[in-house]
Every structure is written in structure tokens, then in C-alpha cells.
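S.K.: Following is a predicted model, sequence given first.
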Amino acid sequence: MMKKTLVALAVTAATGAFAQVTITGFVDRGYVNNDNTANAKDSVSIGSNTGTTGMVFTVNEDLGGGLSGRLVLGADFSDLAGATQDNVTWNSTTANLPIQGGGFVNGQSFLELASKDMGAVRLGNINSEFFTANSSIASSMGTGVGGSYTSSFSGYDGYGTGVTGYTGLVVAATRGATNGGVRAVRNPNAVKYVSPSFNGITFAYGYAPKVEGGGSVDTVGTTDYSIRYTQGDLDVMYAAVKYEVGNSSPSYGSLTANTDNTHTVIAAAYQVAPSFKLHLSSGTSKSNIDTVANSDTYTLGGTFKATSNIDLMVQAAKHNDKNATGYSRGMYGIGANYNFTKLTRAYFRYDNLSFNVGGTTTSGDQITRTAVGIAKNF
């Protein structure tokens, strides 16, 4: 808190205007054992298992007349934790030494102009509404081990972002017996409007233009929107994201020209009792070409406060691939936190991920993960 105050005072002294600067973040370090039915892919590592380690710099300024300005710079740490000798990023200009992947400000980053009565407009690299619904509302364990919307498992098919090595680019996931699905994490080159709250109801609409450059400057068009009701013990959100590929295929991402892919979800969290919260969702993935995506998914989870220090979590998901050669998926996970304080906790996580439910057994079509570690917010 002292550091935050000093930063704000320094900005005031230098510019003559008041700007409040805050630094928040999350650090997770734990051991995870990955047991893959393709035994060559078994692994153990130390890294982030309950969320993404990183920090966020936020600058708020009162512009007068009911307006405010905000700058958000997110830095997700792309360190070497969990890296192997077979899977690192190489820098050919520095004698092929392994480097940390990604730029420093590689998370959600945007400029915002807001009015209390009129809402906010954001421009930049902005988190998808679809990501918020699936990770913060539908899942009891977020984006980590045990969660139903992670880099290893998702109930959605086709096109998505957040793929390792591609930062915010839209990438296609090839359907198959070892495919964990896709996520919609952030939308680059985007402008988004977020409404003020009307009796607990908010809505948002984001857009990134499609560019058809013939393989030289192609970008995928993105439409991202939601409506959310939050009141008392209930939090319900409908969200959708649509990706549109132009009449030429981009050089990267394995995308098909003149295709689209829409993901939708209805997610809800309900505080059933002071010690128990229920999480659930129903979602779909559709495309103008079935082989890209034609599926639905359902999730169910719960969070139980066993004692003042101990939280218990469960999560399950079922995905149904409607294609003729379908590759349906399923998962279940359990977790526990021991909270030393509101900011620091020890954790345990376990999940079982199946990528070819009901199909012929294939090497690598099932993974179990066990993780223990410590996480801290600041």
C-alpha cells in the first residue's frame, strides 16, 4: 500500500495532475505431475497451477466533467518454469540461447474513457466476455488444474486464442483424439463498449475488424458481446464470440478461408448457502462448416467453505462432438485451499481429462494431473 501511494504522489508532482497508480498481481509456484497415456509425454514441473502468474499496472485519472481515464497494462510472466530441453523458445540472433517467450506487456492491455452514466469505451488487447463467463463464473477452479476452461481442456471447438506460441492470434485446433479444445481469451486490435449497471444488469459489445490482405496482412474479424445480471447471491451471464476469416487464408493459424466460428455460453454462479456456491454452464460451438465446429458442452461445479481456513472445490464438464467422426471430451477435478490469510494459500489440485470419450483408445487421449503448491495475491 505504501508503494502505491508513493507512485501516485510522484505522478502528481511531475505532471501537476493527479493520477492514481496501482500494482496488483498473482504469483503461483507449485509442483505438478502430468501422467499422459502417451507415456513419452509424462512430465513433472514447477510452475503456475491455479492461475496465471503475472502483474497488472493500472493508472486512473479524473478528467473532470464526470469523465475518467484508465490505462491497464497486464504482464503475464512467460518465464522458464516448467520448460524442458525439448520445448523452449530459441533466439537465433543470440547464439541459439533459450529466452523467455512473449513481450513484457503480453496480457490484457487497454486505454479506457469512462463516464459514470454513459459507460466505458476501451481500445487495445481486451479480455473476451466469453473468457470471463467460462473462467470466473462457470468454473469453480478458474483456469488452473481442475478447472473446466484451461489451456489443457475446454468444451469448445474450432477457432480460439490463448494458444502457446501464438499470443493473441486466432488459431484453429484440429479435431482429434488428443485435442483438448480451444478457448477465447483476448481480442487484439479491439474496441469495446461496457455499459453502466442498470439494476444489476450490464452489457458489453466488442469488435475487431477483419482484414483480407491476401496472406500478407490478414487478420481475423472478432465480435464479442455479453449481457450479465449480478444481484445478491446470483450471477448469470450470456456471452458469445464470433471469429470470421476472410476470402484468403492467413499465413499462420491453420485457418480456412471464408469460414466463421461462433462460441456461446450461459454461465451462472449461485450462493446456495453461506458456505456453498454452485457453478454451472451450457455452451455451444458452431461454424458454417461442420468440420470446423459443431458441438455443445455442459459444466457443473461447487465451492464449499469447510472451515474458516479450508475451501474445497469440485468441477466436471461434458462435451459432445456432433460431427460424424466425433471426438467428445470429458473432465472432472477436485481441489482444496488452506488459506493462511486472505492473500496467501497452500493448494492441492487433481484432474482427469479425457479427449476421446466413447472412441477407440488412442495413445495420449487421457491425462491425469496432480498439483500442490503455494499461491499469493498482492
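M.R.: Alright, I've got the coordinates. Since we're looking at a predicted model, the values are computed, not measured.
S.K.: Buried residues, stretch 65-79. List them.
M.R.: 68, 70-78 (16 or more other Cβ atoms under 10 Å). C-betas here are computed from N, CA, C, even on glycine.
S.K.: what does stretch 218-231 give?
M.R.: Buried-residue list, stretch 218-231, by 16+ other Cβ under 10 Å: 218-229.
S.K.: tell me the mean pLDDT for that stretch?
M.R.: What stretch 218-231 shows for mean pLDDT is 95.
S.K.: got the CA coordinates for it in PDB?
M.R.: C-alpha atoms of stretch 218-231 as PDB (Å, rounded to 0.1, in the frame of the first residue of the first chain):
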ATOM      1  CA  ASP A 218      -4.600 -10.800 -42.900                       C
ATOM      2  CA  THR A 219      -6.400 -10.600 -39.500                       C
ATOM      3  CA  VAL A 220      -9.500 -12.400 -38.300                       C
ATOM      4  CA  GLY A 221     -12.600 -10.400 -37.500                       C
ATOM      5  CA  THR A 222     -13.900 -10.800 -34.000                       C
ATOM      6  CA  THR A 223     -17.300  -9.900 -32.500                       C
ATOM      7  CA  ASP A 224     -17.600 -10.300 -28.700                       C
ATOM      8  CA  TYR A 225     -20.700  -9.500 -26.600                       C
ATOM      9  CA  SER A 226     -22.400 -10.300 -23.400                       C
ATOM     10  CA  ILE A 227     -25.300  -9.500 -21.000                       C
ATOM     11  CA  ARG A 228     -24.800 -10.100 -17.300                       C
ATOM     12  CA  TYR A 229     -27.100  -9.900 -14.200                       C
ATOM     13  CA  THR A 230     -25.500  -9.700 -10.800                       C
ATOM     14  CA  GLN A 231     -27.700  -9.200  -7.800                       C
END
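S.K.: the helices in this structure, which residues?
M.R.: Applying DSSP state H to the chain gives helices spanning 2-15, 129-132.
S.K.: re the thing from before, just the buried residues of stretch 218-231: which are in strands?
M.R.: Of the buried residues of stretch 218-231, the ones assigned to strands by DSSP state E are 221-229.
S.K.: how about those in JSON lines, adding distance to residue 254?
M.R.: As requested, those are exported to JSON lines (distance: Cβ to Cβ, whole Å):
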{"residue": "221", "distance to residue 254": "17"}
{"residue": "222", "distance to residue 254": "17"}
{"residue": "223", "distance to residue 254": "21"}
{"residue": "224", "distance to residue 254": "22"}
{"residue": "225", "distance to residue 254": "26"}
{"residue": "226", "distance to residue 254": "28"}
{"residue": "227", "distance to residue 254": "32"}
{"residue": "228", "distance to residue 254": "33"}
{"residue": "229", "distance to residue 254": "37"}
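S.K.: Nearest to residue 340 among these?
M.R.: Nearest to residue 340 out of these is residue 228 (Cβ to Cβ; 32.3 Å).
S.K.: Next, the contact list for that closest one, please.
M.R.: Residues counted as contacts of residue 228 (Cβ atoms under 8 Å, 6 or more residues apart in numbering) are 201-204, 235-238.
S.K.: Which among those count as buried?
M.R.: Buried subset of the contacts of residue 228 (neighbour count, 16+ other Cβ under 10 Å): 202-204, 235-238.
S.K.: ok, so of the residues you listed, who is nearest residue 281?
M.R.: Among the buried ones among the contacts of residue 228, and counting by Cβ to Cβ, the member closest to residue 281 is residue 237, at 9.1 Å.
S.K.: For the most centrally placed residue in the chain, give its distance to residue 319.
M.R.: For the chain, residue 185 is the residue whose C-alpha lies nearest the centre (Cα atoms, centre = their mean; 4.4 Å). Distance, residue 185 to residue 319, using Cβ to Cβ, to the nearest Å: 18 Å.
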